[in-house]
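here is the input, now give the coordinates:
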Amino acid sequence: MIGRDEPAGSLWCRKELGHVVRREHSSAAARYGWLVGYLALMLAGGGLTATALLAAPQMAGPAMLATTSAALAFLGLQVAFDRREEIAADLFAVDLTRDLEAAAELMSFYEENVTKPPTSGGLGRAWAQFERRWFATHPAPQARLAAMRRHLVDQQTD
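Numbers count the residues shown, from 1 in each chain. Purely as a prediction, here's the structure:
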């Protein structure tokens with residue numbers, strides 16, 4: 001990609017640099033807090049389910065459902081924070097380059113080569129939307145480009 005379009009490649013390098021800079025300025029507690037929290041949640045839920053299974057077997061199902069629901073909510077929060085980090089890295093890069101054409105080229109590259117195309121079937125389309133909503137760590141390329149445009153416009157008005 002860098003050989004194909006130098007401004008887009010330059011923007012991509014700066015975006016990755018934004019990840020490194022943000023990671024270096026965050027604490028280890030912030031980086032590993034999610035993992036510790038998730039492990040504590042799963043251990044507590046597993047213990048609750050095992051206890052319910054032994055003490056009151058009819059409560060094991062609801063205990064497992066509660067644990068699974070909490071784990072999915074935790075996953076949703078993690079994905080939301082990952083997406084926020086991606087947008088922050090994009091804004092870092094566009095701050096350095098101020099080149100929306102390169103950003104559009106990079107997002108077009110992502111759409112063509114990284115983003116999964118929607119399938120034609122109803123169930124396949126529903127699954128793709130579910131997957132994007134709950135598991136994609138990167139926002140949709142067009143949403144990222146819109147955020148970069150808004151950021152530059154907001155900076156011009158300040």
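
state the mean pLDDT of whichever strand or helix holds Leu39.
For Leu39, the element it lies in under DSSP states H and E is helix 28-55. The average pLDDT within helix 28-55 is 85.

name the helices or strands packed onto that helix?
With contacts taken as 3 or more CB pairs under 8 Å, 6 or more residues apart in numbering; DSSP states H and E, helix 28-55 sits against helix 60-97. C-beta here means a position set from N, CA and C on the backbone, and glycine is covered the same way.

can you list the buried residues in the helix it packs on?
Residues of helix 60-97 classed as buried by neighbour count (16 or more other CB atoms under 10 Å): 60, 63-64, 67, 79, 83, 85-94, 97.

and stretch 141-158, C-alpha only, in CSV?
What follows is stretch 141-158 as a C-alpha-only set of coordinates in CSV (Å, rounded to 0.1, in the frame of the first residue of the first chain):
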residue,chain,number,x,y,z
PRO,A,141,-14.0,3.0,7.5
GLN,A,142,-16.6,5.6,6.5
ALA,A,143,-17.3,6.4,10.2
ARG,A,144,-13.5,6.8,10.8
LEU,A,145,-13.2,9.2,7.8
ALA,A,146,-16.2,11.2,9.0
ALA,A,147,-14.6,11.5,12.5
MET,A,148,-11.4,12.8,10.9
ARG,A,149,-13.3,15.4,8.8
ARG,A,150,-15.2,16.6,11.9
HIS,A,151,-12.0,16.8,13.8
LEU,A,152,-10.3,19.0,11.2
VAL,A,153,-13.4,21.2,10.9
ASP,A,154,-13.6,21.6,14.7
GLN,A,155,-10.0,22.6,14.8
GLN,A,156,-10.5,25.2,12.1
THR,A,157,-13.4,26.8,14.1
ASP,A,158,-11.4,26.9,17.3
